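Undergrad: Fold the stuff below for me.
(chains A and B)
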Amino acid sequence: MSVLLDNLYTSKTMLDQIIDSGKKSTRDGFGAGLHAIGQQNDEVVALCADLIGSLKMQAFIKEFPERFIQVGIAEANMMGIAAGLATAGKIPYTGTFANFSTGRVYDQIRQSIAYSHKNVKVCASHAGLTLGEDGATHQILEDMGMMRMLPGFTVINPCDYNQTKAATMAIAEHYGPVYLRFGRPSWANFTPENQKFEIGKALLLNEGSDVSVFATGHMVWNAVEAAKIVAAEGISVELINIHTIKPLDEEAILESALKTKAVVTAEEHQRNGGLGDAVAQVLARKAPTPQEYIAVNDSFGESGKPTELLSKYGLGVDDIVTAIRNAIKRK
Amino acid sequence: MADIQKLKQIASQVRRDIIRQTNSAASGHPGGSLGCADFLVALYFDLMKHDPSFNMKAEGEDVFFLSNGHISPVWYSVLARSGYFPPSELASFRQINSRMQGHPATHEGLPGIRVASGSLGQGMSVAIGMALAKKLNGDDKTIYALTGDGELEEGQVWEAMMFAAHHKVDNLIVAVDWNGQQIDGPTEEVMSLGDLPAKWAAFGWEIVHLEDGNDMEQVVQKLNEAKTKTGQGKPVVVLMRTEMGYGVDFMQGTHHWHGKAPNAEQTATALSQLEETLGDY
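TA: Purely as a prediction, here's the structure:
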């Protein structure tokens, strides 16, 4: 049990101790983290493609105007400039929506950043369905798949304000390209303030014995709520927060799956290419286990309120409850 | 004062290296490489302050970025002849397990390369990023970049042009290899460039016209002129007319040798037209 017990949440943590301390957005966590790491590390520079307010970059810009670069609506150019800054030893953080941080500039990231192994932090807000009313043009659900295919890229999808702030700061200490994905809506903030963020290390939120739920991003909170519901039926959920999709904490995943023998993965992303596929790849190779996917099933999103959209596309709390029951039935 | 005769001799050897690399690899891009040999020799053997012991960050050094990465044979030759790595390594061009990738890459750790290029349109953005870092660091050295003329068809180039003028990136000199050729034919047939000087001027750049980029004396003179225009609030572009395939009569002035390697017989003919000055690798 060593791996999981090393985590800050210990085996004694109970589900009802996981409490929302007050709703905040993960993008606000990014803004706070960027400001804080800017104060600690002079090499950190920030770039933005005309979305300062949306990315919550104002505090950094106010204190470090000389280390901020407004690129305008030109994301391809922004990625190239970031690569050049990194070549000279700077630690550039690029800021725009997740859609424009990945699909729009995939080739620029691939050649100038990934293949060239530049220390660029691609920071991407408004990911997934919870972007809401702007609709499918902006609701990217393919980004984690694209980014985890790039050799050498680290892919992180934190679950709440506190974790996003901590991740934003931690990636400055890691040399190499990083994709940091977060979102727009106010969301439950439930991980401890000032919790140490370790890239590639899963966090055990609740120890259980009947089923393992591996969740990332906003879906972690939905998984907490689902675990509370099934606990009343006597189902013991082992809930693990996979904030780093790549490198994946294979050890923690295998240890839990071998114990519970049933798995649910939950992510605000396509089934294709995301957390579920990453987990399935590990299990297929080392410990084949029944697995239920909570993810968007090969479709685009649409306009609507975040929670309405999550329900419509099968990512609601009820869907996770059903997936938990189904996974256990397949043992 | 630059020793023009010596630079010409180096350029002749570089052209031999280009022919021999592409012949032995049976692939690669000799045309644009031959056309830019004089420019790159002038940069590395006269204009730039640079250290072949190679430091990625290049503090206190001038830096060159090749955006049109397919002309790697000329860059590899110039880097080797400048002392970045032994010229003998040129024999591994495009071979498996080599550092001499088809297009320039940092991945195998080849000294002198700071970013991969090949997918077009990206190099100017990277050059701008490094130029901004030099300003942040109080480093007064200059960033150079070379882009093809066909490459200007990529939209990212125009994003970079707009940015550099707006942000007054005046420690940057971009050269355009204006040879009027691209893979599918003359640029005027594939995608006309229009009034290139007027376009750069409209984007807010300082322009230097280099009428004959294959005349070493003119290349040195115009690059020095470009350097005098740095530090004045505007990025500088050198619109450099070259001939694709320059130096080998049957390759000159046509797009046919853009991406085609010479066979043994053609190689012998080409080499007979280029003096061996520094010793073949």
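Undergrad: Which stretches in the stretch 151-281 of chain B count as strands?
TA: Ranges of strands in the stretch 151-281 of chain B, per DSSP state E, counting those that start in this stretch, are B:172-178, B:181-182, B:185-186, B:206-210, B:236-241.
Undergrad: center of chain A - which residue?
TA: Compute the mean C-alpha point of chain A, and by CA atoms, centre = their mean the closest residue is A:N157, 1.0 Å away.
Undergrad: May I see the strands of the stretch 151-281 of chain B organised as a markdown table, with mean pLDDT, distance to B:V157 and mean neighbour count added?
TA: Quick note: C-beta positions are derived from backbone N, CA and C, even for glycine. Output for the strands of the stretch 151-281 of chain B, formatted as a markdown table (pLDDT from 0 to 100; distance: least, CB to CB, whole Å; neighbours: other CB atoms under 10 Å in any protein chain shown):
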| stretch | mean pLDDT | distance to B:V157 | mean neighbour count |
| --- | --- | --- | --- |
| strand B:172-178 | 98 | 9 | 26 |
| strand B:181-182 | 94 | 14 | 24 |
| strand B:185-186 | 94 | 19 | 15 |
| strand B:206-210 | 98 | 16 | 18 |
| strand B:236-241 | 98 | 11 | 25 |
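Undergrad: For the stretch 1-150 of chain B, just list every one of the strands.
TA: B:63-66, B:143-148.
Undergrad: what's the most buried one of those strands?
TA: Stretch with highest mean neighbour count among the strands of the stretch 1-150 of chain B: strand B:143-148 (a mean of 28; mean count of other CB atoms under 10 Å in any protein chain shown).
Undergrad: Report the strands that pair with it, each with its relative direction.
TA: Partners of strand B:143-148 in the sheet, by DSSP bridges, are strand B:63-66 (parallel), strand B:172-178 (parallel).
Undergrad: What about the residue in the stretch 151-281 of chain B that chain A sits nearest to, how many residues nearby?
TA: Using CB to the nearest CB, the single residue of the stretch 151-281 of chain B nearest to chain A is B:E159, 3.7 Å away. Residue crowding around B:E159 was assessed by other CB atoms under 10 Å in any protein chain shown; the count is 25.
Undergrad: what sits against it?
TA: Each residue near B:E159 by CB atoms under 8 Å, 6 or more residues apart in numbering or on different chains is listed here: A:72, A:74, A:76-77, B:125.
Undergrad: Tell me which entries of those lie within helices.
TA: In this view, those that belong to helices under DSSP state H are A:76-77, B:125.
Undergrad: re earlier: for the strands of the stretch 151-281 of chain B, give me CSV that also has distance to B:R81.
TA: Converted to CSV, the strands of the stretch 151-281 of chain B look like this (distance: least, CB to CB, whole Å):
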stretch, distance to B:R81
strand B:172-178, 20
strand B:181-182, 26
strand B:185-186, 32
strand B:206-210, 22
strand B:236-241, 21
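Undergrad: Quick one: closest of those strands to B:M48.
TA: strand B:172-178 (10.3 Å; CB to CB).
Undergrad: Touching that closest one from outside, list them.
TA: B:32, B:35-36, B:39, B:68, B:71, B:124, B:127-128, B:131, B:142-149, B:152, B:164, B:196, B:210, B:213, B:223, B:226-227, B:230, B:235-242.
Undergrad: Turn the strands paired with strand B:143-148 into TSV, including distance to B:L7.
TA: What follows is these, written out as TSV (distance: least, CB to CB, whole Å):
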stretch	distance to B:L7
strand B:63-66	16
strand B:172-178	16
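Undergrad: Near chain A, which residues of the stretch 151-281 of chain B are found?
TA: Taking CB under 8 Å from any CB of the partner chain, the part of the stretch 151-281 of chain B that reaches chain A is made up of B:155-156, B:159-160, B:162-163, B:166-167.
Undergrad: I'd like to know how far the residue nearest to the centre of chain A sits from A:V230.
TA: Relative to A:V230, A:N157 is positioned 24 Å away (CB to CB, to the nearest Å).
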